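A.B. asks: I'll drop the sequence and a predicted model, then ask my questions.
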Amino acid sequence: MPKRVYIETQGCQMNVYDSGKMLEILEGSLGYLPAEKPEDAGLLVLNTCSVREKAFDKALSRLGRWRLLKRERPTLRIAVGGCVASQEGAELLARAPFIDVVFGPQTLQRLPALLNAREATGRAQVDVRFPAIEKFDSLPEPKVTGPAAFVSIMEGCSKYCSFCIVPYTRGEEVNRPFADVIAEVYTLAEKGVREITFLGQNVNAWRAPHRGRMLDLAELIRYAASIEGIERIRFTTSHPIEFGERLIEVFAEVPKLAGHLHLPIQSGSDRILARMKRGYTTLEYRSKVRRLRAARPGLSLTTDLIVGFPGETDADFESTIDLVREVGFDQSFLFTYSPRPGTPAANFPDPVPDSVKSERLARLKALIDAKALELSRAAVGSTLSVLVERVTDPDGGMLSGRTETNHWMHFRGPAHLWGRMVPVVVTEGLANSLRGHLAEPAKDFSEHERARTQVA
């Protein structure tokens, strides 16, 4: 019987990427194959996230369920990785001594060695260090599971926003070498990937030397766009403070760069932004948005917003409402503030009552949802380029894929269109997705044929 591993992923796209790499490493080094459910696996891996409230408790809750499985099968191995493991490694073992391995985001490549050491010594293994570039150097050749793929280009963050735990759990910014990134994009293109997303905690801070000069993200995008087979490029997540003019120009000059950008603002109040240590003002943010939309008309813009940061007054919140109305975000990830232990903001005075947080969140969500629905309905009648990523109903011919503006599109079509870029006419705009039908003739969009109609 083959060995089986079940990996549960919590949190961000970086964790999704990391979990994929864990599976590849475990398969290549120890012969593990994926299991569909924990009961079928001999190894359980929990890839944790510390961004959300009560992350440690959430991890312990899942581990508590897995402990019951280990009682039935003592040979079952349990490994915990990700940001909670990085931050709370010793405490995790103290609270859940049945864990076999604890590892951090920068040491996932050592998972096979840690598991082997656990068997050899009979003791739990912990490695939550921050080796500089070892993770990237140790990753296997990328596997392809669909027409879209993540390409991690950097790790960590050096911004130290007062509310954020990432610099403490993933370390300072470490940039992946240019040649390694481009080599991975070439490999993915040769294997049929049509869309790539460059990943990083602060992706637009990426810099790497090449032929005697320092390249930035704008130049990396231009290089990637020249690779045959790559039809669409995205990047996430950006920090406004490093979103410079060169990156704005790429939206105007590189058609393969998707007309969608996730640019977190966090608050519409300059006073709160200063307390958050974000390093920019709302005026500067608005200016970047205006220049971006001039460079790429119809740009789809999404953001992150935190409600109820310590000291947030009614006036501060109204400033956020005003900014959201003015900018017109297509969608937003909304969070009520909760303190992350170890961050400066965890000790800030003047907390906002939970009842006030809830009321503000509901009001902000209603505003953003209404705008999202308005923008989706405005797209009806337009023809959009869709990369077919899912055959959701093979018998009924239902396909799904993302538009250039990152909206999910659902439509009927033959299953052989999977992995292709096709034109779809929008027939219905919903709050979180679109519905449509294939344009005639149903064919791939080339770079010159691609529709530039946007959801706007």
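C.D. replies: Good, I have the coordinates.

A.B. asks: mind listing what's buried in the top strand by length along the chain?
C.D. replies: Criterion DSSP state E: the longest strand present in the chain is strand 383-393. Neighbour counts using 16 or more other CB atoms under 10 Å place Thr383, Leu384, Ser385, Val386, Leu387, Val388, Glu389, Val391 of strand 383-393 among the buried residues. From N, CA and C alone the C-beta is placed, and that goes for glycine too.

A.B. asks: which strands and helices sit next to that strand?
C.D. replies: strand 398-403, strand 408-412, strand 421-429 (3 or more CB pairs under 8 Å, 6 or more residues apart in numbering; DSSP states H and E).

A.B. asks: Deepest-packed of those, please.
C.D. replies: For those, the largest average neighbour count (mean count of other CB atoms under 10 Å) is found in strand 398-403, namely a mean of 22.

A.B. asks: so what strands line up beside that strand?
C.D. replies: Paired neighbours of strand 398-403 in the sheet (DSSP bridges): strand 383-393 (antiparallel), strand 408-412 (antiparallel).

A.B. asks: now those strands in TSV, with distance to Tyr6 and mean pLDDT?
C.D. replies: Formatted as TSV, these follow (distance: least, CB to CB, whole Å; pLDDT from 0 to 100):
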stretch	distance to Tyr6	mean pLDDT
strand 383-393	22	92
strand 408-412	27	95
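
A.B. asks: Take those and write them to TSV, including distance to Leu108.
C.D. replies: Converted to TSV, the strands paired with strand 398-403 look like this (distance: least, CB to CB, whole Å):
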stretch	distance to Leu108
strand 383-393	25
strand 408-412	29
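
A.B. asks: mind listing the helices in the stretch 251-400 of the chain by residue range?
C.D. replies: 270-276, 282-295, 314-327, 354-378 (DSSP state H, counting those that start in this stretch).

A.B. asks: helices or strands next to the second one in the packing?
C.D. replies: By that I understand helix 282-295. helix 245-253, helix 270-276, strand 300-307, helix 314-327.

A.B. asks: can we see that at 10 Å?
C.D. replies: helix 245-253, strand 260-262, helix 270-276, strand 300-307, helix 314-327 (3 or more CB pairs under 10 Å, 6 or more residues apart in numbering; DSSP states H and E).

A.B. asks: okay, these, which one's buried deepest?
C.D. replies: Buried most deeply of the helices and strands packed on helix 282-295, by mean count of other CB under 10 Å, is strand 260-262, with a mean of 24.

A.B. asks: so how far is that one from its chain's centroid?
C.D. replies: Centroid separation between strand 260-262 and its chain, computed with CA atoms, centre = their mean, to the nearest Å, is 12 Å.

A.B. asks: Which residues outside that strand are in contact with it?
C.D. replies: The contact list for strand 260-262 (CB atoms under 10 Å, 6 or more residues apart in numbering) reads 13, 203, 232, 234-238, 243, 247-248, 251, 288-289, 292-293, 296, 299-304, 329-333, 402-407, 454-455.

A.B. asks: Which among these count as buried?
C.D. replies: In the contacts of strand 260-262, the ones that pass as buried (16+ other CB under 10 Å) are 203, 232, 234-238, 243, 247-248, 251, 288-289, 292-293, 296, 299-303, 329-332, 402-407, 454-455.

A.B. asks: Now do Ala94, the pLDDT please.
C.D. replies: Looking at Ala94, its pLDDT is 87.

A.B. asks: Secondary structure element holding it?
C.D. replies: Using DSSP states H and E, Ala94 maps to helix 82-95.

A.B. asks: Tell me how far the nearest residue to Arg129 once chain neighbours are set aside lies from Glu88.
C.D. replies: Leaving out its chain neighbours, the residue that sits closest to Arg129 by CB to CB, 6 or more residues apart in numbering is Thr107, at 6.1 Å. Thr107 sits 15 Å away from Glu88, going by CB to CB, to the nearest Å.

A.B. asks: picking that back up, could the helices and strands packed on helix 282-295 go into a markdown table alongside mean pLDDT and distance to Ala378?
C.D. replies: Formatted as a markdown table, the helices and strands packed on helix 282-295 follow (pLDDT from 0 to 100; distance: least, CB to CB, whole Å):
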| stretch | mean pLDDT | distance to Ala378 |
| --- | --- | --- |
| helix 245-253 | 96 | 21 |
| strand 260-262 | 97 | 16 |
| helix 270-276 | 98 | 30 |
| strand 300-307 | 97 | 12 |
| helix 314-327 | 97 | 16 |
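
A.B. asks: Let me know which of the ones you listed is the nearest to Arg73.
C.D. replies: strand 300-307 (40.9 Å; CB to CB).

A.B. asks: tell me what the closest one is packed against?
C.D. replies: So strand 300-307, by 3+ CB pairs under 10 Å, 6+ apart, packs with strand 260-262, helix 282-295, helix 314-327, strand 331-336, helix 354-378.
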